[in-house]
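Novice: here you go, sequence then predicted model.
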Amino acid sequence: MTATAPRSARALSAILTRQDGLITWQQARQQLSEKTVRHRVRTGRWRRVHRGLYLTGDGEVTEQQRLWIASLGAGNGQPALLAGTTALRLLGLDRPPGGGPIDVLVHSSRPDRDPPPAVRVHRTRRLSSVDQCPTIGPPCTTAARALVDAVEWAEDTLAAMLVLGAVHEQRLVSSAQIRPVLARLPRLSRRELIEEIVFEGEWDLPWAA
């Protein structure tokens with residue numbers, strides 16, 4: 001066995017560990033031959049869960065794996081950022097208002113292809129490294145960006161206010177963190193609502209039940 005084989009095995013193991021058993025076709029082909037990848041799929045060691053995306057093992061798909069499927073599937077081989085209320089849940093919001101699809105945010109320059117089922121893809125020109133939370137997997141936006149997006153994407157004003165109230169109650173993000181996000185997003189339809197509640201109210205004070 002060559003020295004390259006153990007390195008590839010370690011790299012493959014690291015990918016699968018980081019992504020909760022998920023791997024894309026592109027990632028797999030960087031470590032394995034096409035014949036080996038197809039053999040693993042054909043024999044059931046890996047199962048296809050979306051176009052160009054595979055899950056190792058045969059157990060039930062976990063919630064964390066569902067999030068990885070959304071990120072990798074919507075990202076066309078590269079992880080896309082979970083966003084909105086999906087990101088807020090990942091960052092600790094324990095009473096998110098409502099349910100609905102998994103929200104994913106991608107830059108408008110990336111290819112637009114069919115996402116996995118129950119995944120809602122939002123496209124934006126204003127997305128940079130400062131909007132990504134560096135410590136969370138699957139990758140997601142920061143709490144401040146997630147809140148602003150969740151309010152903007154809410155079905156109506158009441159739903160937007162419920163999101164703001166839930167985040168305020170758990171003190172997931174400060175007004176100082178929200179301000180630069182608003183500065184980077186000049187065309188928000190609910191800017192006034194956010195500014196009124198966050199900057200003109202008592203956002204940074206403890207929640208009063």
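Specialist: Received the coordinates, thanks.
Novice: do I have it right that residue 86 meets residue 67?
Specialist: Yes. In this structure, residue 86 is within contact of residue 67 by CB atoms under 8 Å, at 7.4 Å. Any C-beta I mention is one placed from the backbone N, CA and C, and that applies to glycine too.
Novice: in the lowest-mean-pLDDT helix or strand in the chain, what counts as buried?
Specialist: Ranking every helix and strand in the chain by mean pLDDT, DSSP states H and E puts helix 4-18 at the bottom, with a mean of 85. Under the neighbour-count criterion of 16 or more other CB atoms under 10 Å, helix 4-18 has 12, 15-16 buried.
Novice: thinking again about what came up before, ok, residue 86 and residue 67, which is more surrounded?
Specialist: residue 86 (29 against 24; other CB atoms under 10 Å).
Novice: apart from its chain neighbours, what residue comes closest to the more buried one?
Specialist: In space, and not counting its chain neighbours, residue 86 is closest to residue 103: 4.5 Å by CB to CB, 6 or more residues apart in numbering.
Novice: residue contacts, the one you found?
Specialist: When contacts are counted by CB atoms under 8 Å, 6 or more residues apart in numbering, residue 103 touches 82-87, 120, 122, 149-150, 153.
Novice: outline the domain layout of this protein.
Specialist: Taking automatic domain parsing as the criterion, the chain consists of the domains 4-56, 63-199.
Novice: quick one: end-to-end distance for the last one.
Specialist: If I follow you right, that is domain 63-199. 35 Å (CA to CA, to the nearest Å).
Novice: poorly predicted segments of the chain, please.
Specialist: Within the chain, the ranges that satisfy pLDDT under 70 run 1-5, 95-99, 112, 206-209.
Novice: pick out the residue nearest the middle of this protein.
Specialist: residue 82 (1.5 Å; CA atoms, centre = their mean).
Novice: close enough to count as contact, it and residue 138?
Specialist: Yes. Using CB under 8 Å, residue 82 is in contact with residue 138, at 5.8 Å.
Novice: OK, contacts around residue 70?
Specialist: Each residue near residue 70 by CB under 8 Å, 6+ apart is listed here: 80, 82, 86, 102, 104, 115-116, 118-119, 138.
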